[in-house]
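Q: Provided below for reference: sequence and predicted model.
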Amino acid sequence: AQTVTQSQPEMSVQEAETVTLSCTYDTSESNYYLFWYKQPPSRQMILVIRQEAYKQQNATENRFSVNFQKAAKSFSLKISDSQLGDTAMYFCAFLLNAGGTSYGKLTFGQGTILTVHP
Amino acid sequence: DGGITQSPKYLFRKEGQNVTLSCEQNLNHDAMYWYRQDPGQGLRLIYYSQIVNDFQKGDIAEGYSVSREKKESFPLTVTSAQKNPTAFYLCASRVRPSGNTIYFGEGSWLTVV
């Protein structure tokens, strides 16, 4: 079975600064995806960024980038130039993409509440 | 517009009653999921379905049931056996076999009164 751990229940950052959210996961598989989702107060789950495990290059989407360390099973999210609209709960998620009894199962971490202060 | 539609947005249930939450997608996705979220908590997987007429239990399936008779529909029934059903429920879908993006509906709030 796969597990996802987010060790930071809450984080805060000043507007325009940079913040990094941590995520570790446990799996014996090699073919999977990792995601970061944002959940604002509206509760809508919004995909922030996606990483394919077979790609060594770290994914980047505008102000959002990841540090993917496959051997260490670590997947952190860096938010640059933080904006007030980034205030939300952030979830790390794991998706097994081939084989195994958990194929297709999307597993989430417990979430990190990020607050951006003006 | 393409997307996932969950209904109702808010639902109140009396103890001992079964209720069904609807999830419809017009994205032509094969895989669909149901998650439960309690206040301040992460998402826990209830059931998921990879193809029509097939589904698997997630981590907290007890007290819930699903069906997948049509590709676009994956309703979730919260039965009276679910002891603490008050929560936020999210439906999601994904394209198979190459899909690498999970799309979510806007969720349904269920309150037991």
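A: Thanks, I have it. Only a predicted model underlies this, so the values are computations on that prediction, with no experimental measurement involved.

Q: can you count the residues close to B:F74?
A: 29 (other Cβ atoms under 10 Å in any protein chain shown). Placement of C-beta: from N, CA and C, glycine included.

Q: Kindly report the same for B:I51.
A: Residues near B:I51, counting by other Cβ under 10 Å: 13.

Q: Helix, strand, or coil at it?
A: Secondary structure assignment for B:I51 (DSSP: H, G, I helix; E, B strand; the rest coil): coil.

Q: contacting residues around B:S108?
A: B:S108 sits next to B:Q6, B:S7, B:P8, B:K9, B:Y10, B:L11, B:L21, B:F88, B:Y89 when contact means Cβ atoms under 8 Å, 6 or more residues apart in numbering or on different chains.

Q: my read: A:E17 touches A:S82, true?
A: Yes. Counting by Cβ atoms under 8 Å, A:S82 is a contact partner of A:E17 at 5.6 Å.

Q: So these two - more neighbours on which side?
A: It is A:S82, of A:E17 and A:S82, that has more neighbours when counted by other Cβ under 10 Å, with 21 against 12.

Q: tell me the SS of the more buried one?
A: Recorded secondary structure, A:S82: coil (three-state DSSP).

Q: Phi first, then psi, for it.
A: Dihedral pair for A:S82: phi -50, psi 140, per degrees, to the nearest 10.

Q: who touches it in this structure?
A: Residues in contact with A:S82 (Cβ under 8 Å, 6+ apart) are A:V13, A:Q14, A:E15, A:A16, A:E17, A:T18, A:V19, A:R63, A:V116.

Q: now for those residues, which pair is the farthest apart?
A: Spanning the widest gap among these are A:Q14 and A:R63, at 14.8 Å by Cβ to Cβ.

Q: In terms of neighbours, single out the busier of the two.
A: A:R63 (14 against 11).

Q: Low-confidence ranges, chain A, go.
A: For chain A, applying pLDDT under 70 flags the ranges A:98-103.

Q: near chain B, which residues of it show up?
A: By Cβ under 8 Å from any Cβ of the partner chain, the residues of chain A that approach chain B are A:33, A:35, A:43-45, A:47, A:50, A:52, A:91, A:93, A:95, A:97, A:103-111.

Q: could you redo the last one with a cut-off of 10 Å?
A: Listed as neighbours of chain B in chain A under the rule Cβ under 10 Å from any Cβ of the partner chain: A:1, A:4, A:6, A:9, A:33, A:35, A:37, A:39, A:42-47, A:50-52, A:89, A:91-93, A:95, A:97-98, A:101-111, A:113.
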